[in-house]
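**Student:** Got a predicted structure here, sequence first:
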Amino acid sequence: MLATSTHAALADQYLDRLAFGWQRRIQALDSHVLDASGLSVIDRDLQSYSRGLSTIGTASSTLIHERLLEPLTRGELFAIAHHAIRVQDQPMHNACIGLIESIPTLRAAYASALEWSTSDGAWWAISEWRQHTEIQTDKGFNLFDVIALSACRYHFRILEELCNTSWWSGIIKSSDDHADRADTTCALMQLGLATAHPQAIGRAAQLLQSPVAQLRCLAAEVMLWQPTKQLTKYDARIAEQRATDVLLELSTGTLEAKNIVSQASYALACWNHAEFDTVLTSLAAQPEKLDVYLQSLGWSGNGQRVPILIAYLNHPEHARGAGAALSMLTGSLPARDGWQAEPGESENALIDDPVDAGATIPSTKRYANLPPPDQAGFERWWAKNKTRFHAQSSWIAGLSDTNDNLIVILQSGKLAWRALAARRLHARLQGRASLNTSAPMPQQRQWISNFIASPTRRNAA
């Protein structure tokens, strides 16, 4: 009896730690405190909780089946789905599928569970779901399509297994109906951007005219980052200009949603087009998109724009956004460099807010990982350091954005800086798989090691 009760208690503890740890990890990815080594520690802990849960065996399964009768948080869905895939528990996995089919807010957690699984485990899960889905409605099948395409980004083995099937042929064909199958076609474009799969890339040009703004944006990104190798140099330049024009239209459009404007602006900033000045001018004239404008100033890499951001450090609503952009540009940190203000009542709410306490996704607290900035403190730091941010270089985290410096940021930079570094590097590695800075750290370390060892590092611009 003691052993049974002990196993049950341990299973409960491991499940909760895995769920809570995953949720904390999601919030940590834009941290200005943690770096890549800190993320490695978090990931090792998550793996140890997962191993402990599977080692306990029956007690874990009993506990999980009881939890499935209650409302689940995103973290709990991740932990249960990951365990179901790890031990290949079909009833438990089917229950997870049923939940994400009925509760859309849980779907990202299931996709993450696939990413954290081994290739064999993820392939088992996709195969099981595919068999179950083929007798379901088109709506259910569309969800499978989106998740399966996401799994193809995480595990090349799944892409290899699926790309020669009738399902894959159907996915390529369905991209012709991109307005009605927007979610699936967006997932296909994301696959092309991440993996350089030629069939996914080949669909991008026709999507530049899609009525769906997100599809136009993704298609343009694919055409820039993963150009079709069969094109002549002249046709490649024409394709690049078409893609650039689409991103410019989306990032400067007054009627586009802010998330689309932000995505398109980010893409142009990473591509380092001269047209990005046009984007900044347009955003500056739209007060309702001030937060996107401040972000874009940070992405620009232009040290001459720092004074614009300094002016917003005293703005209650936008001070954190301006501080995050300044940190992205200069590599300066509030606590380390003397520009951290005392948190007010609103800042304490950001820090103390409980994580994922309910079954629904809480509203995102932007810049919660950055301390409140002090304008006078940053001005003192800037007065001592501004001479090194000359206009001849583009800057990220206080470093000129050479390939070697981008790798340094990926290896040891703050987590908030790494996504931009990876995207800028990817812009110079056309036709290669990209680095996903939210992936488990062992996968990231392998990508970085492969890049350092490859001739591409020496030949890229």
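**Tutor:** Sure, I can see it. Numbering: from 1, shown residues only.
**Student:** what about the stretch 101-250 of the chain, any weak spots by pLDDT?
**Tutor:** Using pLDDT under 70 as the threshold, the predicted model of the stretch 101-250 of the chain has low-confidence ranges 133-141, 178-179, 229-231.
**Student:** what ranges do the helices span in it?
**Tutor:** 107-116, 119-133, 138-154, 156-162, 166-174, 182-195, 198-202, 204-207, 213-225, 233-252 (DSSP state H, counting those that start in this stretch).
**Student:** Which one, of those helices, ends up nearest to Ala421?
**Tutor:** Taking CB to CB as the criterion, Ala421 comes closest to helix 213-225 out of those, the separation being 15.0 Å. Where C-beta positions appear, they are placed from N, C-alpha and C, glycine not excepted.
**Student:** among the helices of the stretch 101-250 of the chain, which is the most enclosed?
**Tutor:** With neighbours defined by mean count of other CB atoms under 10 Å, none of those is more surrounded on average than helix 213-225, at a mean of 25.
**Student:** In terms of secondary structure, what does that helix contact?
**Tutor:** Contacting helix 213-225 under the criterion 3 or more CB pairs under 8 Å, 6 or more residues apart in numbering; DSSP states H and E are the following elements: helix 182-195, helix 198-202, helix 204-207, helix 233-252, helix 258-271, helix 415-427.
**Student:** Turn those helices into a markdown table, including distance to Pro372.
**Tutor:** Written out in a markdown table, the entries for these read as follows (distance: least, CB to CB, whole Å):
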| stretch | distance to Pro372 |
| --- | --- |
| helix 182-195 | 35 |
| helix 198-202 | 43 |
| helix 204-207 | 42 |
| helix 233-252 | 29 |
| helix 258-271 | 23 |
| helix 415-427 | 16 |
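**Student:** Nearest approach to Thr55 belongs to which of the ones you listed?
**Tutor:** Relative to Thr55, the nearest member of these by CB to CB is helix 415-427, separated by 30.1 Å.
**Student:** got the CA positions of the helix or strand just after the closest one in CSV?
**Tutor:** Toward the C-terminal end, the helix or strand that comes next after helix 415-427 (DSSP states H and E) is helix 441-453. Included here for helix 441-453 are C-alpha records, laid out as CSV according to Å, rounded to 0.1, in the frame of the first residue of the first chain:
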residue,chain,number,x,y,z
MET,A,441,17.6,22.9,-26.8
PRO,A,442,19.3,19.6,-27.9
GLN,A,443,17.8,20.2,-31.4
GLN,A,444,18.9,23.8,-31.3
ARG,A,445,22.5,22.9,-30.3
GLN,A,446,22.7,20.3,-33.1
TRP,A,447,21.6,22.9,-35.7
ILE,A,448,24.2,25.4,-34.4
SER,A,449,26.9,22.8,-34.4
ASN,A,450,26.1,21.8,-37.9
PHE,A,451,26.2,25.4,-39.1
ILE,A,452,29.5,26.1,-37.4
ALA,A,453,31.0,23.0,-39.1
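**Student:** For stretch 185-201, output the C-alpha coordinates as CSV.
**Tutor:** Listed next in CSV are the C-alpha coordinates belonging to stretch 185-201 (Å, rounded to 0.1, in the frame of the first residue of the first chain):
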residue,chain,number,x,y,z
THR,A,185,-2.2,26.4,-46.7
CYS,A,186,-0.6,28.6,-44.0
ALA,A,187,0.8,25.5,-42.4
LEU,A,188,2.1,24.4,-45.8
MET,A,189,3.9,27.8,-46.2
GLN,A,190,5.3,27.5,-42.7
LEU,A,191,6.7,24.1,-43.6
GLY,A,192,8.3,25.5,-46.8
LEU,A,193,9.8,28.4,-44.8
ALA,A,194,11.2,26.0,-42.1
THR,A,195,12.4,23.1,-44.2
ALA,A,196,12.9,24.4,-47.8
HIS,A,197,10.7,21.5,-49.1
PRO,A,198,10.5,22.1,-52.9
GLN,A,199,6.8,21.3,-53.3
ALA,A,200,5.8,23.7,-50.5
ILE,A,201,8.0,26.4,-52.0
